[in-house]
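Student: quick one, fold the following:
(2 chains)
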Amino acid sequence: DGGITQSPKYLFRKEGQNVTLSCEQNLNHDAMYWYRQDPGQGLRLIYYSQIVNDFQKGDIAEGYSVSREKKESFPLTVTSAQKNPTAFYLCASSISQVYEQYFGPGTRLTVT
Amino acid sequence: QKEVEQDPGPLSVPEGAIVSLNCTYSNSAFQYFMWYRQYSRKGPELLMYTYSSGNKEDGRFTAQVDKSSKYISLFIRDSQPSDSATYLCAMSDPGGYQKVTFGTGTKLQVIP
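Tutor: Okay, here's the model as predicted:
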């Protein structure tokens, strides 16, 4: 079954700790994306990657970092520099066209 | 002013009704228009996308784009309780930057 997996579904961390969210896809898609979703706001782009070993900042990259060492994987690290990290994080991928993105189930991160 | 405006709802309709969901936008460079369905605590699911103006139909769903008015719609015929979800509109400028601008979503409830 092809798809995008994100783990864990729920994540709890103390303030000041870095945390890494996993995103894996077996769709053979070239492009991968990380979004953040907050109540009352549209999805906001954090980082995106069009090919392995290359990625670009999105609109709200401050306090986040990513890597793309394999085509299938695009982990997101939420660092202690992110001022308001509690949110629902969504990973997506597409073959190449940005308008045909497929999303994973999301990770809800709570930082206290 | 936001680039994409979407009424958050909630919108409650009886089962079997025709539902109309709408978005307005301000960026005339948008060429691709997408609709996503998101169930509670899940990732968005791509329903359909259209290019430029016109209509596109897929089963009970019809997407309509009016670029002259900067207005897009999603119609759901014979609505079902399983259609209860949040519907996100999204738009993309094919200028090369891998960015999609999302609406905030309209919450739909179909009452049996």
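Student: report the beta-bridge partners for the residue nearest the centre of chain A.
Tutor: For chain A, A:Trp34 is the residue whose C-alpha lies nearest the centre (Cα atoms, centre = their mean; 3.1 Å). For A:Trp34, the beta-bridge partners are A:Tyr47, A:Cys91 (DSSP bridges).
Student: that one contacts A:Leu43, doesn't it?
Tutor: No. Contact criterion Cβ atoms under 8 Å: A:Trp34 and A:Leu43 do not qualify, at 10.1 Å. From N, CA and C alone the C-beta is placed, and that goes for glycine too.
Student: please enumerate the shared neighbours of those two.
Tutor: A:Leu90 (Cβ atoms under 8 Å, 6 or more residues apart in numbering or on different chains).
Student: which residues of chain B score low on pLDDT?
Tutor: Scanning chain B for pLDDT under 70 picks out the ranges B:95-98.
Student: ok, now with 90
Tutor: For chain B, the stretches with pLDDT under 90 are B:1-2, B:7-9, B:29, B:51-54, B:93-99.
Student: same deal with chain A?
Tutor: Within chain A, the ranges that satisfy pLDDT under 90 run A:1-2, A:39-42, A:95-100.
Student: go with 70
Tutor: For chain A, applying pLDDT under 70 flags the ranges A:1-2.
Student: quick one, strands of the chain?
Tutor: Let's take chain A. Remark: strands assigned in chain A by DSSP state E are A:4-7, A:10-13, A:19-25, A:31-37, A:44-51, A:54-57, A:64-66, A:76-78, A:87-94, A:102-103, A:107-111.
Student: hmm, no, I was thinking of chain B.
Tutor: Taking DSSP E to define them, one finds strands in chain B at B:4-6, B:11-14, B:19-25, B:32-38, B:45-51, B:54-58, B:61-66, B:71-76, B:85-92, B:100-102, B:106-111.
Student: ok, the fourth one: who's next to it in the sheet?
Tutor: Using DSSP bridges, strand B:32-38 pairs in its sheet with strand B:45-51 (antiparallel), strand B:85-92 (antiparallel).
Student: now the longest one: buried residues?
Tutor: It refers to strand B:85-92. Neighbour counts over strand B:85-92 (16 or more other Cβ atoms under 10 Å in any protein chain shown) mark B:85-92 as buried.
Student: ok, the shortest one next?
Tutor: Applying a neighbour-count criterion of 16+ other Cβ under 10 Å, one finds B:46-50 buried in strand B:45-51.
Student: for the strands of chain A, give me CSV that also has distance to B:Arg41.
Tutor: Shown next, in CSV, are the strands of chain A (distance: least, Cβ to Cβ, whole Å):
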stretch, distance to B:Arg41
strand A:4-7, 12
strand A:10-13, 10
strand A:19-25, 16
strand A:31-37, 11
strand A:44-51, 18
strand A:54-57, 27
strand A:64-66, 22
strand A:76-78, 19
strand A:87-94, 8
strand A:102-103, 13
strand A:107-111, 7
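Student: and chain A, which residues reach chain B?
Tutor: A:4, A:6, A:31, A:33, A:40-43, A:45, A:48, A:50, A:56, A:58-59, A:90, A:92, A:98-106, A:108 (Cβ under 8 Å from any Cβ of the partner chain).
Student: sweet, I'm off.
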